[in-house]
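**Q** this one's structure only:
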Ligand code: BES
Ligand code: ZN
């Protein structure tokens with residue numbers, strides 16, 4: 001049932017357009033004119049998997065905190081796709097390559113020639129290794145740079161415990177190449193194994209099978225037996241402890257955070273069960289979560305078997321754990337079925353945002369889910385109103401761009417809304433069956449947008465012709481290939497939010513003082529909606545009244561504080577100045593800090609402040625956040 005079309009190499013004018021291992025349907029051609037090869041071509045990789053494909057990565061690395069370097073070897077098992085292929089092409093960024101060796105029997109290695117090409121700002125430098133005939137393995141001796149884009153080195157002072165240094169990687173989108181020389185393309189799947197050496201009192205963890213009780217020997221072994229794309233290879237090392245949450249779930253974090261994290265994440269096992277009920281068995285064995293120090297640049301990262309998460313989700317009331325639902329959902333949408341190129345990113349994130357909401361509904365109820373869906377639609381409408389046409393398109397052309405920069409919330413929210421329309425059109429039963437079969441059909445494969453369209457056509461639309469009349473190809477084109485939203489896009493509604501709006505209105509009209517508003521039972525989502533619903537401009541008196549009634553400046557909820565601080569900057573509410581600085585110097589999650597810098601730089605005084613705060617905060621930010629925030633304040 002898992003049909004894979006043989007892949008070919010076509011020479012088109014001077015360009016060799018290489019296609020990767022995308023799966024395709026037997027009968028339905030892709031709806032667009034572009035060839036399969038063109039569709040699956042990854043413009044963000046120098047690698048040559050269509051000639052020689054890496055199948056396994058064996059790492060042997062030492063974590064050198066004093067030099068901020070990962071040093072050791074990466075041994076790649078390769079498979080020749082073309083018998084006469086003479087070289088292996090890999091991706092690297094800022095790697096120091098000491099030696100390359102090749103082996104025909106897998107154990108005896110002899111030196112082979114290699115060369116590092118010119119460095120491209122976005123892609124890094126290609127590493128070309130001469131591949132002797134019959135070679136099956138290549139071993140590269142190397143070290144990463146202290147400024148590696150995919151590695152953050154934290155001093156003891158930047159951790160919760162303040163006693164030990166910490167390091168973690170973030171490989172998505174194209175940062176694996178900054179700590180491992182490999183074919184860094186989501187269309188290339190590898191199994192991996194690793195031996196990691198750290199100072200003796202620290203623990204290393206990876207996105208792989210591992211022993212959570214391994215004694216602290218300073219040497220840790222890992223194995224990932226399932227083939228995954230390189231952006232899911234992940235490592236962290238520090239003063240890390242473990243607590244089980246359920247049979248196959250648990251949490252890793254610094255000792256000072258362990259109890260709080262375990263309490264907040266206690267529903268994790270329930271979430272896994274709810275997702276399995278919807279979309280079939282969890283394929284990865286264990287599902288553990290690593291709660292990182294606050295400089296982690298994302299909310300969460302779906303590293304297989306071990307989600308990496310920001311501590312800013314620990315609100316104390318589980319109100320932000322939908323982020324775990326999201327990363328868990330990637331175990332189906334993203335990690336099992338993966339975007340073949342970054343252009344197809346919406347297949348990862350749009351599907352995952354849809355799944356996230358289904359999990360939230362199953363575990364926390366429809367009312368809760370609908371609030372999140374409404375917030376999502378509002379975010380989307382806001383982005384569509386301000387973005388260029390290109391950034392509004394799901395199947396986005398990222399040629400010449402860093403995929404991280406191309407990734408906005410549009411693929412998340414517009415993608416999820418598209419799936420919601422399919423669900424509403426075909427009904428839950430049919431659509432759930434369809435999705436479950438889709439994950440099963442493409443499991444452990446990397447697919448393009450055209451692959452999805454062909455599968456959708458054959459397995460949902462063609463099966464239900466009457467209902468499918470409501471989803472003509474022109475509408476699918478509108479969703480996937482065009483800017484904006486189709487007029488028929490779903491509009492989620494929340495009764496709870498309607499009540500929030502009533503409260504906001506009576507306050508704005510001066511009928512009820514803030515302290516008398518009915519906010520007692522409000523969840524985080526209701527607070528967020530309340531604050532976002534208020535007009536952009538508020539008086540000093542109004543800001544102060546809200547702050548006194550609800551203690552917003554001192555809110556420990558990172559999401560509520562974020563929206564409040566945006567309003568504080570906009571309205572020049574000086575009472576929040578210190579809090580803003582504290583916020584920006586203690587959190588590194590880009591989604592929370594970047595919009596605040598963007599709001600600051602809108603005025604000359606604000607820009608000065610932004611620069612001053614960034615100067616203090618910069619060293620504590622992840623390299624990716626240093627770059628993205630740096631661009632805002634410049
Ligand atoms: N895979 C993403 C994070 C990511 C995207 C890293 C693009 C690098 C490039 C992850 O699953 C994600 O979407 N995280 C969100 C959380 C969320 C609940 C939408 C985040 O970090 O905010
Ligand atoms: Zn995601």
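**A** Noted; the coordinates are in hand. A quick note: this is a predicted structure, and the numbers were derived from the prediction, not measured. Ligands and ions are numbered 1, 2, ... in the order given.

**Q** Spell out which residues of this protein are next to ligand 1.
**A** 172-173, 298-302, 323, 326-327, 330, 349, 404, 407, 412, 591 (C-beta under 6 Å from any ligand atom). Any C-beta I mention is one placed from the backbone N, CA and C, and that applies to glycine too.

**Q** Measure how buried the closest residue to residue 380 other than its chain neighbours is and give me the count.
**A** Closest residue to residue 380 in three dimensions, ignoring its sequence neighbours and counting by C-beta to C-beta, 6 or more residues apart in numbering: residue 413, at 3.9 Å. Other residues near residue 413 come to 26 when the count uses other C-beta atoms under 10 Å.

**Q** Can you verify residue 413 is assigned to a helix?
**A** Yes - checked against DSSP: H, G, I helix; E, B strand; the rest coil, residue 413 lies within a helix.

**Q** any idea how far it lies from residue 379?
**A** Using C-beta to C-beta, to the nearest Å, we find residue 413 at a distance of 6 Å from residue 379.

**Q** Tell me how far residue 63 lies from ligand 2.
**A** Here residue 63 is placed at a distance of 27 Å from ligand 2 (C-beta to the ion, to the nearest Å).

**Q** next one: the helix or strand harbouring that residue to chain centre, how far?
**A** Using DSSP states H and E, residue 63 sits in strand 52-64. Computed by C-alpha atoms, centre = their mean, to the nearest Å, the separation of strand 52-64 from the middle of its chain amounts to 22 Å.

**Q** related to what we said a few turns ago, so which of the residues of the chain next to ligand 1 are in strands?
**A** Taking DSSP state E as the definition of strands, these contribute 300, 301.

**Q** Now whichever residue of the stretch 451-600 of the chain sits closest to ligand 2. Nearest residue, chain neighbours left out?
**A** For the stretch 451-600 of the chain, the residue closest to ligand 2 is residue 591, as judged by C-beta to the ion, at 11.5 Å. Closest residue to residue 591 apart from its sequence neighbours, by C-beta to C-beta, 6+ apart: residue 299 at 6.2 Å.

**Q** what's around the one you found, how many residues?
**A** By other C-beta under 10 Å, the residues close to residue 299 number 22.

**Q** Read off the pLDDT value for it.
**A** pLDDT, residue 299: 98.

**Q** which residues touch it?
**A** 309, 310, 312, 313, 323, 326, 589, 591 (C-beta atoms under 8 Å, 6 or more residues apart in numbering).

**Q** before we move on, what about residue 397?
**A** Counting by C-beta under 8 Å, 6+ apart, residue 397 has contacts 343, 390.

**Q** ok, 10 Å please
**A** When contacts are counted by C-beta atoms under 10 Å, 6 or more residues apart in numbering, residue 397 is found next to 43, 343, 390, 406.

**Q** same check, this time on residue 248
**A** Residues in contact with residue 248 (C-beta under 10 Å, 6+ apart) are 268, 269, 272, 282, 284, 285, 286, 287, 288, 305.

**Q** let's see it at 7 Å
**A** 285, 286, 287 (C-beta atoms under 7 Å, 6 or more residues apart in numbering).

**Q** Where neighbours are concerned, which of the residues you listed has the most?
**A** Highest neighbour count within the contacts of residue 248, by other C-beta under 10 Å: residue 287, with 24 neighbours.
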